[in-house]
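> 3D model of this:
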Amino acid sequence: MADETVTTEAAPPAATTEVAVAPAPFIPSSRPAFRGRDDREARGPADGVEKVVHINRCAKVVKGGRRFSFSALVVSGDAKGKVGCGFGKANEVSDAIKKATEASRKNQLTICLKDNTIPHEVTGSHGGGFILLKPATPGTGIIAGGGARAVLEAAGVKDVIGKSLGSSNHANVIKATLAALCALRPADEILRARGKVIKERKAL
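Coordinates of the predicted model:
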């Protein structure tokens, strides 16, 4: 009996029908996105003006060599009439600046301004520092140097003439400038203190 070979062909696969599933609608959440510990993106520009006036390095000689520490003097303000200074010490420069910045923000004072300058001439002193400030016409700029310029810029003064007449120590100059700015008074307050009547000026 002859061998018979039977071949079977596989049936073609049945046609599959794909059903498109619509994605779920996106519902915005009212809760802010979670910011993890490693999310260190900038959270917007820092408010106000911060200026590092001086950084001092101190060396302590020990058995193994020298150990360095740093101190920083920082001035901060909002450029709208508030200004303050702070002093910080640490073993690293960045830590010292951070401490000084926090201290300057806590010690901010409100000063009196007239437009972009100061209302009148004033002097201030602290320790060996002594400074003279005079109002100036628009466009003059800040004619002052060192710590006095940093304080005036942070306070928002744009036109002023200053002259340091005492010690050149940064801390004393800054504190003398702050004392001068705190002594500023508007014209109506000075007239009321003198018992004068403020009259409105009428154009001719």
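
> and the nearest residue to residue 138 once chain neighbours are set aside, what is it in contact with?
Nearest residue to residue 138 in three dimensions, chain neighbours excluded: residue 159, at 5.7 Å (Cβ to Cβ, 6 or more residues apart in numbering). For the C-beta atoms, the positions are set from N, CA and C on the backbone; glycine is no exception. Neighbouring residues of residue 159 by Cβ atoms under 8 Å, 6 or more residues apart in numbering: 116, 117, 135, 136, 137, 138, 139, 140, 141, 142.

> Residue 159 and residue 143: what is the separation?
9 Å (Cβ to Cβ, to the nearest Å).

> what sits in contact with each of those two?
By Cβ under 8 Å, 6+ apart, the residues touching both residue 159 and residue 143 are residue 136.

> who does the helix or strand hosting residue 174 touch, helix- and strand-wise?
Element membership of residue 174, judged by DSSP states H and E, is helix 170-182. Applying 3 or more Cβ pairs under 8 Å, 6 or more residues apart in numbering; DSSP states H and E, one finds that helix 170-182 contacts strand 49-62, strand 65-77, strand 82-90, strand 109-110, strand 122-126, strand 129-135, helix 147-155, strand 160-164.

> tell me which residues in it are buried?
170, 171, 172, 173, 174, 175, 176, 177, 178, 179, 180, 181 (16 or more other Cβ atoms under 10 Å).

> Closest one to residue 88 out of those, please.
residue 171 (12.4 Å; Cβ to Cβ).

> Could you list the domains of the protein?
Using automatic domain parsing, the domain ranges for the chain come out as 49-109, 111-189.

> Would you mind finding the most buried of the ones you listed?
For these, the largest average neighbour count (mean count of other Cβ atoms under 10 Å) is found in domain 111-189, namely a mean of 19.

> average model confidence for that one?
Averaged across domain 111-189, pLDDT comes to 91.

> That domain spans what distance, first to last residue?
One end of domain 111-189 to the other measures 14 Å (Cα to Cα, to the nearest Å).

> Now distance to residue 195 too, for the domains of the chain, in TSV please.
Supplementary listing: these in TSV, determined by distance: least, Cβ to Cβ, whole Å:
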stretch	distance to residue 195
domain 49-109	28
domain 111-189	12
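
> picking that back up, I'd like the helices and strands packed on helix 170-182 as a markdown table, with distance to residue 200 appended.
Output for the helices and strands packed on helix 170-182, formatted as a markdown table (distance: least, Cβ to Cβ, whole Å):
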| stretch | distance to residue 200 |
| --- | --- |
| strand 49-62 | 36 |
| strand 65-77 | 33 |
| strand 82-90 | 30 |
| strand 109-110 | 27 |
| strand 122-126 | 27 |
| strand 129-135 | 23 |
| helix 147-155 | 30 |
| strand 160-164 | 28 |
